[in-house]
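Asks: What follows is a predicted protein model with its sequence.
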Amino acid sequence: MRSIELVFDESTDSIIRADWSRLADAGLPSLAGHSSPSNSPHITLAAGPGLQFSSFDDPWQALPIDIEFSGAVLFRAGTGKYVLARSVVLATSLLELHRRLHQEVSGALPLTLPGAWTPHVTLARRIPAEQLGAAMDLLDLRFEGRCTGARLWDSGTKTVTPLGGKDLAGAPEARH
């Protein structure tokens, strides 16, 4: 699987990592337990096993962009289990960057295409339904942040490659 992701400035990255830590400290599922150096808070713009990107019209010129988080979103992750994520407000600047990117990619999964995409930042995977209330009580889900860079994640090679912008928190250079 390959994905193109937006990453955050240091301040926004720290706030999301603090969410991960609060969840983990309470004994709840959290991305804090995923210790790979490639694991950083991000918004997935496009994903797919055959994702290809050739930037003729550089969408990263729009970076940095300010974003707003508002509430939570849940995705089903099996029977009685969910992905818990921060919801990202669909601002014009974010939607335009997403649209421009998808003019330059092929092989993206349908759920990441314009019109079907739900921008979010994952906080926990496979959280049991009965723990959702406790998790929500730990989170302040409304704040503003800034996306400063973009990267390509390749799960097959376990590499992160910067694509553009000023990637302060995600991947300053390709790494494993």
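Replies: All right, it came through fine. Numbering: from 1, shown residues only.

Asks: where exactly do the helices run in the protein?
Replies: Counting by DSSP state H, one finds helices in the chain at the ranges 10-25, 92-102, 132-137.

Asks: Any chance of CSV for those, columns mean pLDDT and mean neighbour count?
Replies: For glycine as for every other residue, the C-beta is placed from the backbone atoms N, C-alpha and C. Putting the helices of the chain into CSV (pLDDT from 0 to 100; neighbours: other C-beta atoms under 10 Å) gives the following:
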stretch, mean pLDDT, mean neighbour count
helix 10-25, 96, 17
helix 92-102, 95, 17
helix 132-137, 96, 13
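
Asks: In JSON lines, list those helices along with distance to residue 51.
Replies: Shown next, in JSON lines, are those (distance: least, C-beta to C-beta, whole Å):
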{"stretch": "helix 10-25", "distance to residue 51": "24"}
{"stretch": "helix 92-102", "distance to residue 51": "11"}
{"stretch": "helix 132-137", "distance to residue 51": "31"}
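
Asks: Any idea which of these gets closest to residue 83?
Replies: Closest to residue 83 of these is helix 132-137 (C-beta to C-beta; 10.9 Å).

Asks: Now the closest one - C-alpha only, CSV.
Replies: Provided in CSV are the C-alpha atoms of helix 132-137 (Å, rounded to 0.1, in the frame of the first residue of the first chain):
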residue,chain,number,x,y,z
LEU,A,132,-15.2,4.7,23.1
GLY,A,133,-16.8,6.8,25.9
ALA,A,134,-13.6,6.7,28.1
ALA,A,135,-11.5,7.6,25.1
MET,A,136,-13.7,10.6,24.1
ASP,A,137,-13.6,11.9,27.7
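
Asks: From the chain's centroid, how far away is that helix?
Replies: 21 Å (C-alpha atoms, centre = their mean, to the nearest Å).

Asks: what's it in contact with?
Replies: The contact list for helix 132-137 (C-beta atoms under 8 Å, 6 or more residues apart in numbering) reads 23, 26, 28, 72, 74, 82, 84, 123-124, 127.
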